[in-house]
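Novice: Fold the stuff below for me.
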Amino acid sequence: MITLDQLKKLCPANKQPEALLVVLNDILPKYEINTKKRVAAFLAQAGHESAQFTTLKENLNYSAEGLCKVWPKRFTSLAMAKPYNRNPEKIANKVYADRMGNGSEASGDGFKFKGVGVLQLTGKDNYSRFAQSIGKSLDETVVYLTTLSGACESACWFWTVNKLNQFADSGDFTTLTKRINGGTIGLADRQKHFDEAMKVISDDVFTKSAPVVATVISTVIVAPIIEEEHPIADEHAIEKNDDFLDDICNWFNTPLF
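Specialist: Next up is the predicted model:
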């Protein structure tokens, strides 16, 4: 098992390590993320993507200028972007409309199925496939994804369906990164976290029990995650590899479960 001391060393910015520890020790083995290399790779990649498991919902609080930088194909002029200025719900319904199983902009699917979880599961099709794999209805899954357990399990599901253990096993960290974010953005930071995890995680992780964490509030694990959508500064608005989301949907067309 991962220990609390190990997790605190790897995720010092996380404010609820006890609850996160319970979730990870319960869920990771279910998805065969159960060796030192696999656990280290998962913690490194997921930790990078989610700022040490603290950012678990997509922030879409962009200005009109930022929208033109992030989605230049969908906002081809500042005039087109201005009606969406600092309106996350309206932005999500626009940029995710008519794709990934979502309906039109007016349907509201873009916001309902926006990026949620450690690896930002996005789109109705992906939500539906995840729902099927865990035996929940789509609406139940929408709620589950807003909990710490759901945020982590969706990432493990993505990891398994995308067969990422093979890259952790072989040490192909570059390909592993590309399969998660479509490129090598943040590769040096991901590699640094992986190297740290390999030093901290025990060789016999998940082959023996760890000390029981005494102070765990179970409601933290199932309580909805509350995050403020702080305004994103224009200088932090970077064009996304937006087509990568559609590629992920294609990868998932053949369900593993």
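Novice: tell me which residues in the helix or strand containing Val143 are buried?
Specialist: Here Val143, judged by DSSP states H and E, is contained in helix 138-144. By neighbour count on 16 or more other Cβ atoms under 10 Å, the buried set for helix 138-144 is 141-142, 144. Where you see a C-beta, it was placed from the backbone N, CA and C, and this is true even at glycine.
Novice: likewise stretch 44-57?
Specialist: 44-50, 52-53, 56-57.
Novice: so Leu20 sits right up against Thr54, yeah?
Specialist: No - counting by Cβ atoms under 8 Å, Leu20 stays clear of Thr54, with 9.6 Å between them.
Novice: Now for those two: what residues contact both?
Specialist: Residues touching both Leu20 and Thr54 (Cβ atoms under 8 Å, 6 or more residues apart in numbering) are Asn14.
Novice: contacting residues for Phe206?
Specialist: 1, 28-29, 34-35, 39.
Novice: In terms of model confidence, name the weakest of the residues you listed.
Specialist: Minimum pLDDT across the contacts of Phe206 is recorded for Met1, with 91.
Novice: pretty sure that one is touching Val205, no?
Specialist: Yes - the criterion here is Cβ under 8 Å, and Met1 meets it with Val205 at 6.9 Å.
Novice: With adjacent residues omitted, what lies nearest to the residue nearest the centre of the chain?
Specialist: Note on the chain: the residue nearest the mean C-alpha position is Leu119, at 1.4 Å, using Cα atoms, centre = their mean. Counting by Cβ to Cβ, 6 or more residues apart in numbering, Leu119 lies nearest to Ala155, which is 4.2 Å off, once chain neighbours are set aside.
Novice: do you know how far the one you found is from Lys124?
Specialist: The spacing between Ala155 and Lys124, counted by Cβ to Cβ, to the nearest Å, is 18 Å.
Novice: which of those two has more neighbours?
Specialist: Neighbour count, other Cβ atoms under 10 Å: between Ala155 and Lys124, Ala155 has more, with 26 against 21.
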